[in-house]
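Colleague: okay, sequence plus prediction incoming.
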Amino acid sequence: MPSPAPIPLLQARGLAFARNGEPVFGPLDFRLDAGEALLVRGGNGAGKTTLLRVLAGLLEAEEGIVEMDGRRVDRDHLARGSAYLGHLPGHKADLSALENLAFAMAMHGVTGDLEAALAAVGLAGYEDSQARRLSAGQNKRLGLARLRLSPAKLWLLDEPYANLDLDGIALVDALVRDHLAGGGAVLLTTHGAYAAPPVPVRTLPLGRGAGAAA
Ligand SMILES: Nc1ncnc2c1ncn2[C@@H]1O[C@H](COP(=O)(O)OP(=O)(O)OP(=O)(O)O)[C@@H](O)[C@H]1O
């Protein structure tokens with residue numbers, strides 16, 4: 001007998017978002033399994049960031065439901081169950097790299113070797129630098145350190161390659177590969193100009209007429 005299909009780590013059914021009555025995306029139906037990467041594709045303004053923010057529990061969907069591990073979840077559950085790396089890292093400008101990491105970890109009740117996490121993303125020596133004094137790429141790396149420490153299985157990465165040098169791009173690739181190998185899943189956006197992780201990815205087109213993952 002064939003084994004039953006795995007329960008998806010994430011499943012969206014009829015998910016749609018509108019602003020002031022204007023549709024932004026959807027309705028969308030897609031699933032994401034453990035060990036999978038799903039690339040959200042679409043032109044400027046297609047709603048990629050908005051979709052990721054809905055899945056991160058930062059925005060309320062207009063319609064539809066989201067399930068994690070087969071159970072319908074609300075915004076709080078999505079916020080706790082996912083690690084979101086936004087297009088803008090959103091660090092506290094006056095706090096140091098180490099303090100920003102400690103703050104983010106405390107918010108999620110997570111502990112870990114913060115200095116090792118900074119070193120792993122190429123920020124050794126920047127522990128005491130205020131976020132405002134970090135470059136755009138260094139701020140992105142600080143976000144990657146946070147991601148690396150997060151226990152969440154679902155990673156939501158909005159333009160993870162933006163602002164990164166070649167080492168940084170390789171770092172994102174390695175993080176994604178390790179996360180998938182460990183049973184996690186990644187939903188990411190990327191413009192054509194940036195790389196995509198060297199793993200098999202399905203694509204989820206957004207924009208007019210787009211509705212389901214390929
Ligand atoms: N805070 C906001 N207030 C009002 N409208 C917004 C806001 N943020 C985004 N929008 C609108 O929502 C739509 C989707 O934006 P979104 O940022 O999700 O697109 P995107 O696909 O990520 O675009 P890009 O590729 O340019 O980053 C756009 O029409 C945009 O103008």
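Modeller: Yep, that arrived.
Colleague: can we go C-alpha only for contacts and neighbour counts from here?
Modeller: Noted.
Colleague: packing partners for the helix or strand of the chain with the lowest mean pLDDT?
Modeller: Here the helix or strand of the chain ranked lowest by mean pLDDT, DSSP states H and E is strand 201-205, holding a mean of 89. The contact analysis (3 or more CA pairs under 8 Å, 6 or more residues apart in numbering; DSSP states H and E) places strand 201-205 against strand 37-41.
Colleague: parallel or antiparallel, list what pairs with the strand it packs on.
Modeller: Next to strand 37-41 in the sheet, as set by DSSP bridges, lie strand 185-189 (parallel), strand 201-205 (parallel).
Colleague: for the last one, buried residues please.
Modeller: What that stands for is strand 201-205. 201, 203-205 (16 or more other CA atoms under 10 Å).
Colleague: looking at the residues you listed, which two lie furthest apart in space?
Modeller: Pairwise distances across the buried residues of strand 201-205 (CA to CA) peak at 12.5 Å, for the pair Val201 and Pro205.
Colleague: that older thread, ok, which of the strands paired with strand 37-41 comes nearest the ligand?
Modeller: strand 185-189 (8.0 Å; CA to the nearest ligand atom).
Colleague: now the closest one, how far from the chain's geometric center?
Modeller: Relative to the mean C-alpha coordinate of its chain, strand 185-189 is positioned 6 Å out (CA atoms, centre = their mean, to the nearest Å).
Colleague: what parts of the protein come near the ligand?
Modeller: Contacts of the chain with the ligand, taken as CA under 6 Å from any ligand atom, map to 24, 42-50.
Colleague: could you dump the residues you listed into CSV with pLDDT and neighbour count added?
Modeller: Listed next are these as CSV, based on pLDDT from 0 to 100; neighbours: other CA atoms under 10 Å:
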residue, pLDDT, neighbour count
Val24, 94, 21
Gly42, 88, 19
Gly43, 86, 12
Asn44, 88, 10
Gly45, 90, 12
Ala46, 92, 17
Gly47, 94, 21
Lys48, 95, 26
Thr49, 95, 20
Thr50, 96, 20
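Colleague: columns secondary structure and distance to Asp128 on top of these, output as JSON lines?
Modeller: Listed next are those as JSON lines, based on DSSP: H, G, I helix; E, B strand; the rest coil; distance: CA to CA, whole Å:
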{"residue": "Val24", "secondary structure": "strand", "distance to Asp128": "41"}
{"residue": "Gly42", "secondary structure": "coil", "distance to Asp128": "38"}
{"residue": "Gly43", "secondary structure": "coil", "distance to Asp128": "38"}
{"residue": "Asn44", "secondary structure": "coil", "distance to Asp128": "36"}
{"residue": "Gly45", "secondary structure": "coil", "distance to Asp128": "37"}
{"residue": "Ala46", "secondary structure": "coil", "distance to Asp128": "38"}
{"residue": "Gly47", "secondary structure": "coil", "distance to Asp128": "36"}
{"residue": "Lys48", "secondary structure": "helix", "distance to Asp128": "34"}
{"residue": "Thr49", "secondary structure": "helix", "distance to Asp128": "31"}
{"residue": "Thr50", "secondary structure": "helix", "distance to Asp128": "33"}
